[in-house]
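1. below is the sequence, then the predicted model.
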Amino acid sequence: MLLSALGFALMAVCVKSAAARGIPVLEIVAFRAFVSLVLSYLNIKRKRLSVWGNNKPLLIARGTVGAFALMCVFYAVSTLPLAEATVLQYTYPAFTAVIALWFLKERIQVATMLCIGMSILGVIVMMQPNLREGLIADASSLSIVAALLGALGSAVAYVMVRHLNRTDDSCVIIFYFPLIALPVSVALLGDGFVMPNLEELALLILVGIFTQVGQIGLTKAMAVEQAGKAAAYAYVQVVFSALLGWAFFSEVPTVWTLVGGLFIISGALVNTLYKR
């Protein structure tokens, strides 16, 4: 889980670095999807499965939601301090609980209600400077909204995956994500493509590689440890992001980010560890 958290944090560093060099977010998404598409396809063939799966409508829906969520997350990472963008992504457990209530008819436990309340409070605290100055539509506020939309999309995709696990192999579910994300991001990019130099190309490839490192670490951890205990270590990504943001971009988290992030992460940890 520590390796997974470091992998995802380094992915965010590469995304932010590539965007700072003028590479459009949609182009970064396309490269990320291309690397994942190749690796996922090879994994499916290794398992000798059909790439098209069984529940095609829901697989396509999951891929579409995941693609737009990734665009929002990458935009937030490229425009917000790394620690802030990472913390906002961890509002997804609150979104997941509400969506699961609607679609899967799952009960919301007391710990989950506490998680939802603390997540909302944390977001309000993090947006406090903009709210106080009336800057609802400034760039920072739009980036925060994008991060929250990314978390919402991740939650919707997560609920879909839980339903798809009954009909399709996890490799096929993962494959549909880049299968949809690649053409969608290329279509939306249009003529905005920027030819990367060697250093920028390396950053784009590393986005895909570090993502794979994160996913492999996550999968291995969940296979050998209790889900709740393993998932708790995922929040170390916030620490990694803060340290890497300071090391690479001289970012120092504000008091509002620290206090709001404390609420969000505490709520998510309560929800994660409740069953233990």
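-> Yep, it's here.

2. now Pro57: how far from Leu164?
-> 11 Å (C-beta to C-beta, to the nearest Å). Where you see a C-beta, it was placed from the backbone N, CA and C, and this is true even at glycine.

3. repeat for Val239
-> For Val239, the distance to Leu164 - C-beta to C-beta - is 32 Å.

4. between Pro57 and Leu164, which one's more packed in?
-> Leu164 (22 against 7; other C-beta atoms under 10 Å).

5. hmm, that one is touching Arg62, no?
-> Yes: the pair Leu164 / Arg62 is scored as a contact, 6.4 Å apart, by C-beta atoms under 8 Å.

6. which of the helices or strands spans Ile173?
-> Take DSSP states H and E as the rule and Ile173 turns out to sit in helix 170-189.

7. what's that helix in contact with?
-> 24, 26-27, 29-30, 32-37, 40-41, 43-44, 47, 49-53, 59-60, 62-64, 66-68, 70-71, 157, 161, 164-165, 215 (C-beta atoms under 8 Å, 6 or more residues apart in numbering).

8. give me the contact list for stretch 160-168.
-> Under C-beta under 8 Å, 6+ apart, the answer for stretch 160-168 is 53-55, 58-59, 61-62, 65, 100, 103-104, 173.

9. would you turn these into JSON lines with pLDDT, secondary structure and neighbour count?
-> Listed next are the contacts of stretch 160-168 as JSON lines, based on pLDDT from 0 to 100; DSSP: H, G, I helix; E, B strand; the rest coil; neighbours: other C-beta atoms under 10 Å:
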{"residue": "Gly53", "pLDDT": "89", "secondary structure": "coil", "neighbour count": "20"}
{"residue": "Asn54", "pLDDT": "89", "secondary structure": "coil", "neighbour count": "13"}
{"residue": "Asn55", "pLDDT": "91", "secondary structure": "coil", "neighbour count": "17"}
{"residue": "Leu58", "pLDDT": "93", "secondary structure": "helix", "neighbour count": "18"}
{"residue": "Leu59", "pLDDT": "93", "secondary structure": "helix", "neighbour count": "24"}
{"residue": "Ala61", "pLDDT": "94", "secondary structure": "helix", "neighbour count": "17"}
{"residue": "Arg62", "pLDDT": "91", "secondary structure": "helix", "neighbour count": "25"}
{"residue": "Val65", "pLDDT": "94", "secondary structure": "helix", "neighbour count": "21"}
{"residue": "Ala100", "pLDDT": "75", "secondary structure": "helix", "neighbour count": "18"}
{"residue": "Phe103", "pLDDT": "72", "secondary structure": "helix", "neighbour count": "13"}
{"residue": "Leu104", "pLDDT": "64", "secondary structure": "coil", "neighbour count": "10"}
{"residue": "Ile173", "pLDDT": "88", "secondary structure": "helix", "neighbour count": "23"}
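
10. list just the nearest of the residues you listed to Pro196.
-> Nearest to Pro196 among the contacts of stretch 160-168 is Val65, at 27.9 Å by C-beta to C-beta.

11. which residues sit in contact with the closest one?
-> Neighbours of Val65 in contact, by C-beta under 8 Å, 6+ apart: 153, 156-157, 160.

12. average pLDDT across the following helix or strand past the helix holding Ile173?
-> Using DSSP H and E, the helix or strand that follows helix 170-189 towards the C-terminus is helix 198-224. In this model, helix 198-224 has an average pLDDT of 84.

13. burial count for Lys47?
-> Lys47, neighbours per other C-beta under 10 Å, totals 10.

14. check the gap between the residue lying closest to Ala30 once chain neighbours are set aside and Leu258 for me.
-> With sequence-adjacent residues excluded and distances taken as C-beta to C-beta, 6 or more residues apart in numbering, Ala30 is closest to Ser185, at 4.3 Å. Ser185 sits 33 Å away from Leu258, taking C-beta to C-beta as the criterion.
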